[in-house]
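Here's a sequence, model it:
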Amino acid sequence: MSALLMSLIVHVALTLTLAAGGQQAGTGPEPQPTPAGRMSRPERPAPETIRVIAVKYANSRDLAGLVAATGLSGRVSDDSRTNSIVYTGTNDELERVVRLIGELDRPIEKEAAGGFASRSLKLRHRSSDELAATAAAAFQPSDRTMRILSDSARNHIIITGFESGIERAIALIESLDTPTATAQLEFVLFHADLTRRPGGLPLPEDLADVGKELSKLGEYKLLGRLSTVVAEREPFEVEGSIGRELAVEISGMLVQAAEDGVRLRLNARMRLIRPDGGGSDEIAPRSASQPATGRGSDSPIGEFRVQSTLIARVGDTVVVGAAPAGWKPGESAVLVVRVKQ
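Below is the predicted model:
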């Protein structure tokens, strides 16, 4: 088993709103903050590389615009004095940029330059609407003779124009028509109580190491697990509830996926509810045989929000947030994210 990497990463914001049901601000016992602590060193972003790429046949300014239009996370600029392109970004993306420039930087055949033609290109992976819009934005402003249209029924792209321009458009489209990267994410919810002895009920084997780290927060209890498969640059949303005490809503986007890791934008909200307006402080759901108490309606007693950008490797387990839950003083809600194969 690979070494467990757990870290508290909250790059953007962590907002915690706790409101005791039926109590005015300033009354009642204040929730005691639970220290999450740093469990391990946060994963550092991949180092950036700067590369100057010489352009032999095309205009570097035109190519820089085409490359930038593909939605890179790195930065692309041109040096008109040397007809070169300057790229700043990760090594993984650099390989893609070099390959794309090599496909676009081709000599123009004189006999083909004046010929007008029409080509139909079938896509294997991506949507024709998406790539037709990208290619049109890259080529049509500078070439008014070119037309790039989507045939969504057949998932084809139809290109009309001069042969030299068509070949460059096809090279760009084919470089973008790649399988969408995916990642499997699991969200694990825990309850921790500092007022009790460290430890907790036995956890499933795949969470045993997580339990060892969470024992630093006192007694812990596994509340539930949510999992989903997400696609790169596509929004996702997953939600669930545990009895009538906890409702969880998690959304975000897989910004970038590579062979060894992911960059994930995450928004999580945990709503903690005391059944029947405050009659119970227990985490476990009330059984159907229990009579209703209190005011007769469920009352929210706390809300735990996290907005974060995570950088993690496949196999990592990351504690995204731990904060006072509002059940009782000294208790915490803990959200853990696992990046799986």
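
chain center to the helix or strand harbouring residue 335: distance?
Using DSSP states H and E, residue 335 falls within strand 331-340. Put simply, strand 331-340 sits 16 Å off its chain's centre (C-alpha atoms, centre = their mean, to the nearest Å).

got the buried residues for it?
Within strand 331-340, the residues that count as buried by 16 or more other C-beta atoms under 10 Å are 331, 332, 333, 334, 335, 336, 337, 338, 339. For glycine as for every other residue, the C-beta is placed from the backbone atoms N, C-alpha and C.

biggest separation within the residues you listed, which pair?
331 and 339 (27.5 Å; C-beta to C-beta).

sorry, back to before: tell me which strands and helices the strand holding residue 335 is in contact with?
Applying 3 or more C-beta pairs under 8 Å, 6 or more residues apart in numbering; DSSP states H and E, one finds that strand 331-340 contacts strand 182-193, strand 261-274, strand 299-313, strand 317-324.

about what we covered before: and the buried residues of strand 331-340, which is closest to residue 47?
Distance to residue 47 across the buried residues of strand 331-340 (C-beta to C-beta) is lowest for residue 339, with 20.2 Å.

surely that closest one meets residue 316?
Yes: counting by C-beta atoms under 8 Å, residue 339 touches residue 316, with 5.3 Å between them.

what about the residue lying closest to residue 178 once chain neighbours are set aside, which helix or strand?
Excluding the flanking residues, the one nearest residue 178 by C-beta to C-beta, 6 or more residues apart in numbering is residue 125, at 5.9 Å. Counting by DSSP H and E, residue 125 is held by no secondary-structure element, helix or strand.

Residue 95 now?
Element membership of residue 95, judged by DSSP H and E, is helix 91-104.

With residue 209 instead?
Using DSSP H and E, residue 209 falls in helix 208-214.

and that helix, average pLDDT?
Averaged across helix 208-214, the pLDDT comes to 77.

now the angle between strand 261-274 and the helix or strand following it, please.
Beyond helix 208-214 on the C-terminal side, the first helix or strand identified by DSSP H and E is strand 219-231. Comparing the axes of strand 219-231 and strand 261-274 via axes from the mean of the first three to the mean of the last three C-alpha atoms, to 10 degrees yields an angle of 130 degrees.

Pull out the buried residues from the helix or strand that strand 219-231 is followed by.
Following strand 219-231 in sequence order, the next helix or strand is strand 235-242 (DSSP H and E). If you call a residue buried by 16+ other C-beta under 10 Å, then strand 235-242 has these buried ones: 236, 238.
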